[in-house]
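Participant: Below are the sequence and a predicted model for it; my questions follow.
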Amino acid sequence: MTAAAVLPPESALKREFHFVPADHQAIARLVYDELGILLPEGKAQLVYGRVAPRVRACGLDSVGAYVRLIEQDEDERLRMFDAITTNHTAFFRESHHFDDFVERMWPRLSQRLQSGGRVRLWSAACSSGEEPYSWLMAALGPDRTAAQRLLRADLKLLATDVSPSVLATARAGIYPAATLRTVPPALRNAWLSGPSERQTVDPLLRDAIAFRPLNLLGAWPMRGRFDAICCRNVMIYFDEPTKARLQSRLADHLETGGMLYIGHSERLADDVAHRFESVGRTAYLKVAA
Ligand SMILES: C[S@@+](CC[C@H](N)C(=O)[O-])C[C@H]1O[C@@H](n2cnc3c(N)ncnc32)[C@H](O)[C@@H]1O
């Protein structure tokens, strides 16, 4: 099917800015090349909806003019990437992963922390922070005194995303009541404070998480290996070769015996599957080579 067949006529949509299939194709190409995200013709309206505020902010009168701008202006191109990503997430989303981690990994890892060892966790594509905060709250539980001892030990959770705006929300750690609805009450009492309509994550928890910008397709500066990685609901936007390459790199960055958790509609590529044992719902244990 051609782009022309999929894009509804402008008159039918009453768009503010002129937007033609070639504009969509140019944006889709830039996004794919930089982020690996596929934006097929059927996503044209989504693309328009996300770039239109940037076209307006730049004082331009068409998406075509905006395309010419982002081809030249790197800062604006980064703003477009920020605007185009889908950042949907939730506290305790797919919480069976956190249950698995707490049962399978945490007894050994918390023991290691108490005896002076280090524990490294990575939330890859963490969006606005709900995933890493949930993970740490689930592991530490509601007992703040016991948790403080572990937080003083060598425990670090790296949380990365390519989108600077969601990372800013994550770092701030302030969430409205509707977002916090899925946090179990005991954990909410222990780790969030402030008026119920808008609560702040305890700085103790926040400071154990390093929020950093990172493109999963780019270079990774991390040297050491992780004990567990959550890389959930991002690979759905990638094509098969990109998924396979990413999963292979994630495997390289995991300790043997470490866990990889992926999203509910994601699967391991055939080339990578042999490096893991499937031990639960989208939960994979890295095995020795
Ligand atoms: C749908 S959210 C998933 C958030 C969280 N992992 C979860 O499952 O709730 C996908 C996130 O992936 C990020 N993302 C997309 N492409 C990326 C890339 N190439 N590198 C790093 N992050 C990327 C987006 O910015 C977005 O925040």
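Facilitator: Thanks, I have the structure now. Keep in mind that this is a model prediction, so the values were computed, not measured.
Participant: contacting residues for Glu131?
Facilitator: Residues near Glu131 by C-beta atoms under 8 Å, 6 or more residues apart in numbering: 89, 93, 123, 159, 230, 232. Where you see a C-beta, it was placed from the backbone N, CA and C, and this is true even at glycine.
Participant: ok, now with 7 Å
Facilitator: Applying C-beta atoms under 7 Å, 6 or more residues apart in numbering to Glu131 gives the contacts 89, 93, 123, 230, 232.
Participant: so can I have CSV of those showing pLDDT, neighbour count and distance to the ligand?
Facilitator: CSV is the format used below for the contacts of Glu131 (pLDDT from 0 to 100; neighbours: other C-beta atoms under 10 Å; distance: C-beta to the nearest ligand atom, whole Å):
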residue, pLDDT, neighbour count, distance to the ligand
Thr89, 98, 20, 3
Arg93, 98, 18, 5
Ser123, 99, 28, 7
Cys230, 98, 27, 7
Arg232, 98, 24, 4
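Participant: The spatially most central residue of the chain - nearest residue in space that isn't next to it in sequence?
Facilitator: Most central in the chain under C-alpha atoms, centre = their mean is Ala125, positioned 2.1 Å from the mean C-alpha point. Excluding its sequence neighbours, the residue lying closest to Ala125 (C-beta to C-beta, 6 or more residues apart in numbering) is Val234, at 3.7 Å.
Participant: Tell me the spacing between the one you found and the ligand.
Facilitator: From Val234 across to the ligand, the span is 4 Å (C-beta to the nearest ligand atom, to the nearest Å).
Participant: picking that back up, cross the contacts of Glu131 against helices and list the overlap.
Facilitator: The helices, defined by DSSP state H, take in nothing from the contacts of Glu131.
Participant: quick check, nearest of these to Lys43?
Facilitator: Top of the list for closeness to Lys43, among these and by C-beta to C-beta, is Thr89 at 19.6 Å.
Participant: From what I see, the closest one and Ser128 are in contact.
Facilitator: Yes. Shown here, Thr89 and Ser128 form a contact pair, counting by C-beta atoms under 7 Å, at 6.2 Å.
Participant: Now for Ala283, how many residues are close by?
Facilitator: Ala283 has 21 neighbours, counted by other C-beta atoms under 10 Å.
Participant: Oh, that last question was meant for Arg206, not what I typed.
Facilitator: 19.
Participant: Please list all residues in contact with it.
Facilitator: When contacts are counted by C-beta under 7 Å, 6+ apart, Arg206 touches Gly173.
Participant: any idea how far it is from Glu103?
Facilitator: Applying C-beta to C-beta, to the nearest Å, the value for Arg206 to Glu103 is 25 Å.
Participant: what does Arg249 give?
Facilitator: Counting by C-beta to C-beta - Arg249 and Glu103 are separated by 27 Å.
Participant: could you pull out the strands for this structure?
Facilitator: Counting by DSSP state E, the chain has strands at residues 118-124, 154-161, 174-176, 192-193, 198-201, 209-213, 226-231, 254-262, 276-280, 283-286.
Participant: can I get those strands in TSV with distance to Gln45?
Facilitator: Shown next, in TSV, are these (distance: least, C-beta to C-beta, whole Å):
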stretch	distance to Gln45
strand 118-124	29
strand 154-161	25
strand 174-176	28
strand 192-193	37
strand 198-201	32
strand 209-213	28
strand 226-231	28
strand 254-262	28
strand 276-280	37
strand 283-286	35
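Participant: With that, I have no additional questions.
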